[in-house]
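Peer 1: this one's structure only:
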Ligand SMILES: [Zn+2]
């Protein structure tokens, strides 16, 4: 028998450990992991000596062609592939019109998902979306059973901003999702606290970006997390807290988390690799909600990642131009920053090189846990029979981040000028080489839309 590809001579890393082994791929599937002499002949041999061979990154929190991103599915997934990401989950927003880029109420949640399915046709990697509820209608509650049964088992809600929902409505969604065995995905900041402080800062003319973190304090994040996770527990629904940024909010997750069977959470690259001094250095480029926090909060992210309270590290990639950020007052800036291309590199450098966390930990937090959490059993692992989503990684390659290399439509980087060690050499999606040596080598449209399963969190 001859297979399509063998990746040989590398060190294979999974969430369970690492060992010298070769990987055989056929028809987009991993068909063997073992010693080269025991593996079949291959049409293509990839030399991975002095390289790590790992599952591709599964990023469950990415904004693409939505209210928080100017990226298209093509530009975002080019950036993703260069950054080692082989699957991502974006968002389909109820009520948002992708033509006018406005919330005009024209799309129901199922229509919004159908629209993303069309727009995602140009992706280079595999994609799915979370449904995002933005309007408290009876119809959206009814629509949930269709949405969940059609491969979108996770629903995002906000407790802040214009798209924020009341606790009462969130509670009803939780009850519905509990019946459907779906996952509730929550952005938690107390909208009233944040809005009132923002109004006060405007009156006080405190528009300097260094004033921004104080307007969305850690306790506002913890308060909203406390309400949401308590309601989720009462409803018996699976709860996933996104972009945990601070010790106070992680403590809340910790206090409700028993065995990970109902409560899970993520933090993001920027909460583990930057602190609030970034607002003096990078100004409004670092306008992100929740804000980038204190050095102690960064330490807390690693404490809670190590003990398993936080399961996942995502990017929360949002694409904006520098021009939309370079405004006088922070409240006029766009919120969010791009990091699909750099996030895994920066997190690897911080977590593994600087803090001594293991490669299996890195794989677990960036690939295996997100795939398990969101019902993607073919992803995030190198097990025989799963999709051959694989990165070949050079752990010794030292390089400096330069936003001139961005594949995203975002034209800046929060990590501009940062030198990191470790770089993705090759990215394979279902056995196809998509990025090689910093270049995209596959065509737009190679990616597939993933119909996800109901996730099982009891394992
Ligand atoms: Zn986000």
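Peer 2: Right, received. Where do you want to start? Computed from a predicted model, the values in this text were never measured in an experiment. Residues are numbered from 1 along each chain as shown.
Peer 1: where does the protein dip in pLDDT?
Peer 2: 459 (pLDDT under 70).
Peer 1: outline the domain layout of it.
Peer 2: 2-54+383-394+421-440, 56-373 (automatic domain parsing).
Peer 1: would you mind identifying the next helix or strand past the strand or helix carrying residue 221?
Peer 2: For residue 221, the host element (DSSP states H and E) is helix 218-235. Per DSSP H and E, the first helix or strand lying C-terminal to helix 218-235 is strand 238-241.
Peer 1: which helices and strands does the helix or strand just after that following strand pack with?
Peer 2: Downstream of strand 238-241, the first helix or strand assigned by DSSP H and E is helix 247-256. Helix 247-256 sits against helix 218-235, strand 238-241, strand 263-268, helix 295-306, with contacts defined as 3 or more Cβ pairs under 8 Å, 6 or more residues apart in numbering; DSSP states H and E. Backbone N, C-alpha and C define where each C-beta goes, glycine included.
Peer 1: identify each buried residue in helix 247-256, please.
Peer 2: For helix 247-256, a neighbour-count test (16 or more other Cβ atoms under 10 Å) marks 247, 248, 249, 250, 252, 253, 254, 256 as buried.
Peer 1: does residue 334 sit in a helix, a strand or a coil?
Peer 2: Recorded secondary structure, residue 334: coil (DSSP: H, G, I helix; E, B strand; the rest coil).
Peer 1: swap that for residue 42, sorry
Peer 2: strand.
Peer 1: ranges for the helices of the stretch 51-200 of the chain?
Peer 2: In the stretch 51-200 of the chain, the helices defined using DSSP state H, counting those that start in this stretch lie at 73-82, 109-119, 138-149, 167-180, 191-203.
Peer 1: with distance to residue 302 and mean neighbour count added, can I get these in JSON lines?
Peer 2: JSON lines is the format used below for the helices of the stretch 51-200 of the chain (distance: least, Cβ to Cβ, whole Å; neighbours: other Cβ atoms under 10 Å):
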{"stretch": "helix 73-82", "distance to residue 302": "25", "mean neighbour count": "29"}
{"stretch": "helix 109-119", "distance to residue 302": "34", "mean neighbour count": "20"}
{"stretch": "helix 138-149", "distance to residue 302": "34", "mean neighbour count": "16"}
{"stretch": "helix 167-180", "distance to residue 302": "30", "mean neighbour count": "18"}
{"stretch": "helix 191-203", "distance to residue 302": "26", "mean neighbour count": "15"}
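Peer 1: let's have these in TSV, adding distance to residue 407.
Peer 2: Formatted as TSV, those follow (distance: least, Cβ to Cβ, whole Å):
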stretch	distance to residue 407
helix 73-82	4
helix 109-119	17
helix 138-149	31
helix 167-180	35
helix 191-203	33
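Peer 1: can you check which of these gets nearest to residue 219?
Peer 2: Among these, helix 191-203 comes nearest to residue 219, with 7.7 Å by Cβ to Cβ.
Peer 1: can you count the residues close to the closest residue to residue 175 other than its chain neighbours?
Peer 2: For residue 175, ignoring the flanking residues on the chain, the nearest one in space by Cβ to Cβ, 6 or more residues apart in numbering is residue 235 at 4.8 Å. Neighbour count of residue 235, defined by other Cβ atoms under 10 Å: 21.
Peer 1: relative to residue 375, how far out is residue 235?
Peer 2: From residue 235 across to residue 375, the span is 19 Å (Cβ to Cβ, to the nearest Å).
Peer 1: same check, this time on residue 285
Peer 2: 35 Å.
Peer 1: also residue 446?
Peer 2: With Cβ to Cβ as the criterion, residue 446 and residue 375 are 22 Å apart.
Peer 1: again, but for residue 333
Peer 2: 35 Å.
Peer 1: and residue 399, by the same measure?
Peer 2: From residue 399 to residue 375 the distance is 35 Å (Cβ to Cβ).
Peer 1: have a look at these two and say which one is more surrounded.
Peer 2: Comparing residue 399 with residue 375 by other Cβ under 10 Å, the one with more neighbours is residue 375, at 22 against 15.
Peer 1: so that one is in contact with residue 457, correct?
Peer 2: No - between residue 375 and residue 457 there is no contact under Cβ atoms under 8 Å: 9.9 Å.
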